[in-house]
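Participant: Predicted model and sequence below, questions to follow.
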Amino acid sequence: MQTSSPPRSLTPVALRVRAVLNEWDPIGVHLIGHGWPDDEYDDLILPVLDALDVHPSVDHLAAELRQVVEHDYGLPTPPGSHDAARSLLALVD
């Protein structure tokens with residue numbers, strides 16, 4: 001999984017993916033306080049939707065999420081990648 005350009009408009013499922021990513025907050029924008037942008041993780045929406053199309057395991061999706069944070073964002077992976085993966089997979093069950 002790699003980051004991509006965010007979609008121009010968000011479908012209902014894309015909005016739910018956005019909500020899960022914002023809740024996970026892998027780069028810690030919540031630490032900034034109020035007013036951080038809702039679209040902070042929109043570059044992950046399309047790659048996550050593509051990953052969900054193949055119905056990955058929780059472990060596989062969590063590993064892909066960690067890879068994006070570590071390789072594309074250049075940050076250490078925060079806790080919660082498995083929880084985020086479970087929440088994302090629940091969107092397509």
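Facilitator: Received it, and whenever you're ready, just let me know what you need.
Participant: Quick check: pLDDT value at Asp38.
Facilitator: Asp38 carries a pLDDT value of 85.
Participant: pretty sure it is in contact with Leu21, am I right?
Facilitator: No: taking contacts as CB atoms under 8 Å, Asp38 lies outside contact range of Leu21: 10.3 Å. The way it works is simple: take the backbone N, C-alpha and C, and place the C-beta from them, glycine included.
Participant: Looking at these two, which has the bigger crowd around it?
Facilitator: Using other CB atoms under 10 Å as the criterion, Asp38 and Leu21 rank with Leu21 on top: 21 against 10.
Participant: What's the separation between Gly81 and His60?
Facilitator: You called it Gly, but residue 81 is Ser. From Ser81 across to His60, the span is 11 Å (CB to CB, to the nearest Å).
Participant: of the two, who's got more company?
Facilitator: The neighbour count for Ser81 versus His60, taken as other CB under 10 Å, is higher for Ser81 (22 against 13).
Participant: Where does the residue nearest the centre of the chain sit, in terms of helix or strand?
Facilitator: With distances taken as CA atoms, centre = their mean, the residue of the chain nearest its centroid is Leu21 (4.1 Å). Taking DSSP states H and E as the definition, Leu21 sits inside helix 12-24.
Participant: residues of that helix that come out buried?
Facilitator: Across helix 12-24, burial judged by 16 or more other CB atoms under 10 Å covers 14, 16-18, 20-22, 24.
Participant: and the nearest residue to Leu52 once chain neighbours are set aside, how far is that from Trp36?
Facilitator: Excluding the flanking residues, the one nearest Leu52 by CB to CB, 6 or more residues apart in numbering is Val92, at 5.0 Å. Going from Val92 to Trp36 by CB to CB gives 27 Å.
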